[in-house]
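Asker: sequence? don't have it. structure:
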C-alpha cells in the first residue's frame with residue numbers, strides 16, 4: 001500500500017536516514033521504535049508529504065486517506081468540544097453536497113449511453129460507498145461515543161475547548177482523527193495525555209480498526225497489545241521484525257550480539273591490515289601488496305554498532321533515612337482549591353516502605369492530593385499531614401516551572417549539591433544519559449524527556465525517605481523508563497507515584513488508590529490486579545445502570561411507565577414535602593441562572609481583554625492585561641464546572 005524506497009534524509013552534513021526500505025500493507029500493525037532523535041517522527045512526516053526526502057521515493061496510492069496525530073499541534077479555541085469534534089465530518093458534509101449536485105445533473109440529462117453520464121454514475125457510487133463508511137450511525141452519536149471513550153464527561157461536551165488544558169485538547173484532536181475513519185493511522189505518542197481507562201478504551205478501538213496502523217510510543221504494554229510488527233530505526237538504518245515489541249527485544253539482543261561479534265572481527269582485520277600497510281609502505285618489493293590492502297580498506301563497508309551503555313542501568317537512589325511508621329495520613333479530609341471541592345471524605349494511611357500509585361481520569365484530584373502531601377496545598381476541612389521524620393523528594397509534573405531554563409545541565413545540579421556529592425555530579429549525570437557536551441546544554445533547549453531525567457537526577461543529590469513523583473515518565477523513552485523503574489524497585493524508602501503507564505507501574509507498586517467521582521478508593525495489590533477487578537466492576541456497573549440508560553433511549557412506553565411511577569411517588573408525598581421540593585427547585589434554578597449570567601459576563605470580559613492584548617505594545621500593560629486575562633479564564637473554568645454540577 002505505502003512503499004518507502006531507498007529513502008535518504010540528510011541535513012548539515014549529517015545523515016539521519018540512510019537508504020531505507022520497507023512497505024506498509026493494508027492491515028499492518030507497526031510499532032516504530034528507536035532512540036530519541038533516531039528519525040521516527042521524521043519518517044511519519046515523510047509518509048504524509050510534510051517533509052521531503054533528500055533522496056529516494058515514498059509511494060502513496062492516490063486517494064489513500066491517512067489520519068495523523070503529531071506529538072504537538074495548534075488547537076482550535078472558538079468552538080465547543082462537540083462542535084470541534086464534528087469538524088471531523090467535513091468530508092462527509094462535502095460528499096453529501098457532491099451527491100446532491102450529481103443527482104440534480106442526472107435528473108436533467110438524457111444522454112444515458114454517453115461516457116460522461118457513465119462517469120457520473122461511477123462517481124456517485126464511489127461517493128455513496130464512502131458516505132456509508134463515514135455515516136454508519138448519526139455523526140453526533142459517533143462523536144459523543146469517541147469523546148466519552150477518551151475520557152470526556154457528557155456534561156463537558158458543550159464547554160468551549162479554550163477552557164481545557166493542552167492534554168484534553170490533544171484528546172479532541174485524537175477523536176477527530178479516529179472519526180475521519182482513515183485507511184491508515186499514523187500516531188506519534190498518542191497515549192501521552194491519556195489515563196489508564198482511556199488507554200484501555202483506545203486499545204479496544206485500535207484492535208477493531210480495519211486499516212493499517214503505524215505508531216510511535218514509549219508505552220511497552222500499549223505496543224505489545226496493538227502491534228504485530230516492529231520497525232526499528234538505528235544509526236540511519238531500518239531493521240524490520242515481524243513480531244510485537246517484547247519479542248522484538250529478544251530478537252534484537254540476539255542480532256546485537258551477532259553484530260557486535262562481526263564488528264569486533266572486522267576491527268581485528270582492519271587493525272592487522274593497517275599494521276601491514278605501515279610496516280611495508282616503503283618497501284618496493286611489497287608495493288603491490290600494500291596498494292592492494294589500501295584499496296581493500298577503501299572499499300570495505302564498515303560495520304557500525306549502537307552499543308547500549310549497561311552502566312546506565314546501575315542508577316541507585318541513596319539509602320533512605322528511617323521515618324516513622326506512618327509516612328502520610330488523611331482523616332475525613334476535604335480537598336480542593338478555595339471553595340471548589342475536588343475530593344472529599346479522604347481517609348488514607350501510607351506506611352513506611354509502601355510503594356503506592358494514584359490512578360484515575362485526569363481532573364479527578366490525583367495531582368491535587370499530591371500537592372497536599374507536598375504541602376503546596378492544605379485541606380479545606382479535616383486533617384492531612386506527613387508523619388515523623390519524613391524527608392520528601394518531589395518530582396513535579398511540569399518541569400518547565402521547576403528547572404531554571406538559563407542554567408546548564410551541570411549547573412542545575414551544581415547549584416544545590418553540597419559536600420562529597422559534588423565530586424560525583426558527572427557520574428550522576430552520566431548515569432541519566434547526560435555525557436560529554438550534553439552537560440553544557442542549557443535547560444531551555446532540552447527535550448521533555450531530557451528535562452524529566454535531569455529533574456530525577458536532582459532527587460539523587462540528597463537521601464529522601466519519601467519520593468512523591470507526579471507523571472515522571474511522560475516524554476521519557478523506553479531506555480530511560482527502564483533505568484528509572486529499576487532504580488525505584490531497589491529504593492528502600494516510601495514511594496507515591498501518579499502515573500498512567502501500566503507497564504511502568506507493573507511490578508513496581510503494591511497498592512493502588514483510585515480517584516473517581518470525587519472519592520478515593522483503596523485497592524490492595526499491583527496494577528494488573530487492579531485492572532482485572534476494574535474490568536469486572538465496569539461490567540457490573542453497566543448492568544446496574546442499564547435501566548437508567550433506558551430512560552434516555554428507550555421507547556415512549558418505557559418513558560410513560562417511568563413518569564407514572566414518579567407521579568405515584570409524588571402523590572404519596574405530603575403537601576409540606578411538595579412545597580419544600582418546589583422551594584429547592586426554585587433555588588437551584590436561580591443558582592443556575594446566576595451562574596449562566598456570570599459565565600456570559602466573563603466571556604465578554606475575556607473577549608474584551610483579547611482585543612486589548614492584540615493592540616497594546618507597552619510591556620507593563622501587557623503584563624497587567626495578561627494577569628487579568630488569566631484570572632478571568634480561571635474564574636470561567638470554575639463557573640463552567642459549577643454550572644455543569646448544578647445542571648446534572
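Answerer: Perfect, I can see it now. Note that the structure is a prediction, hence the values are computed from the model and not measured.
Asker: can we go C-alpha only for contacts and neighbour counts from here?
Answerer: OK.
Asker: Pull up the pairing partners for whatever helix or strand residue 523 lives in, direction included.
Answerer: Assessed by DSSP states H and E, residue 523 sits inside strand 519-524. Partners of strand 519-524 in the sheet, by DSSP bridges, are strand 511-516 (antiparallel).
Asker: how far does the strand it pairs with sit from the chain's center?
Answerer: Centroid separation between strand 511-516 and its chain, computed with C-alpha atoms, centre = their mean, to the nearest Å, is 20 Å.
Asker: The most centrally placed residue in the chain - nearest residue in space that isn't next to it in sequence?
Answerer: Against the mean C-alpha coordinate of the chain, by C-alpha atoms, centre = their mean, the closest residue is residue 192 at 1.0 Å. Counting by C-alpha to C-alpha, 6 or more residues apart in numbering, residue 192 lies nearest to residue 474, which is 6.4 Å off, once chain neighbours are set aside.
Asker: hang on, that neighbour in a strand?
Answerer: No - using DSSP: H, G, I helix; E, B strand; the rest coil, the assignment for residue 474 is coil, not a strand.
Asker: follow-up on the earlier one: is it true that the residue nearest to the centre of the chain touches residue 475?
Answerer: Yes - here residue 192 lies in contact with residue 475, judged by C-alpha atoms under 8 Å, at a distance of 7.4 Å.
Asker: what about residue 337, neighbour count?
Answerer: 13 (other C-alpha atoms under 10 Å).
Asker: meant to ask about residue 147
Answerer: Residue 147, neighbours per other C-alpha under 10 Å, totals 24.
Asker: check which helix or strand covers it.
Answerer: When elements are assigned from DSSP H and E, residue 147 belongs to helix 139-149.
Asker: where do the helices sit along the stretch 351-500 of the chain?
Answerer: Along the stretch 351-500 of the chain, the segments classed as helices by DSSP state H, counting those that start in this stretch run 366-373, 409-414, 425-431, 448-459, 478-490.
Asker: List the buried residues in the strand holding residue 523.
Answerer: Using 16 or more other C-alpha atoms under 10 Å as the burial criterion, the residues of strand 519-524 that qualify are 519, 520, 523.
Asker: How about the last one: what's its closest non-neighbour residue?
Answerer: Here the nearest residue to residue 523 in space, its sequence neighbours aside, is residue 512; by C-alpha to C-alpha, 6+ apart that works out to 5.0 Å.
Asker: ditto for the first one
Answerer: Sequence neighbours aside, residue 343 is the residue nearest to residue 519 in space, at 5.4 Å (criterion: C-alpha to C-alpha, 6+ apart).
Asker: does that neighbour sit in a helix or strand, and which one?
Answerer: strand 340-351.
Asker: Now the closest residue to residue 371 other than its chain neighbours: phi and psi?
Answerer: Leaving aside its chain neighbours, residue 371 sits nearest to residue 377 (5.5 Å; criterion: C-alpha to C-alpha, 6+ apart). Dihedral angles of residue 377 (phi, psi; degrees, to the nearest 10) stand at phi -130, psi 160.
Asker: What distance do you get for residue 377 to residue 336?
Answerer: 8 Å (C-alpha to C-alpha, to the nearest Å).
Asker: Where does pLDDT dip in the stretch 301-450 of the chain?
Answerer: The stretch 301-450 of the chain contains residues with pLDDT under 70 at 306-314, 398-401, 448.
Asker: domain ranges for this protein?
Answerer: Per automatic domain parsing, the domain ranges recorded for the chain read 1-64+196-242, 70-182, 248-304, 313-525, 584-647.
Asker: State whether residue 92 and residue 133 are indeed in contact, as I suppose.
Answerer: No - the criterion here is C-alpha under 8 Å, and residue 92 misses it with residue 133 at 9.7 Å.
Asker: More neighbours: which of the two?
Answerer: residue 92 (20 against 12).
Asker: and that one, what does it touch?
Answerer: 131, 134, 135 (C-alpha atoms under 8 Å, 6 or more residues apart in numbering).
Asker: No more questions from me, cheers.
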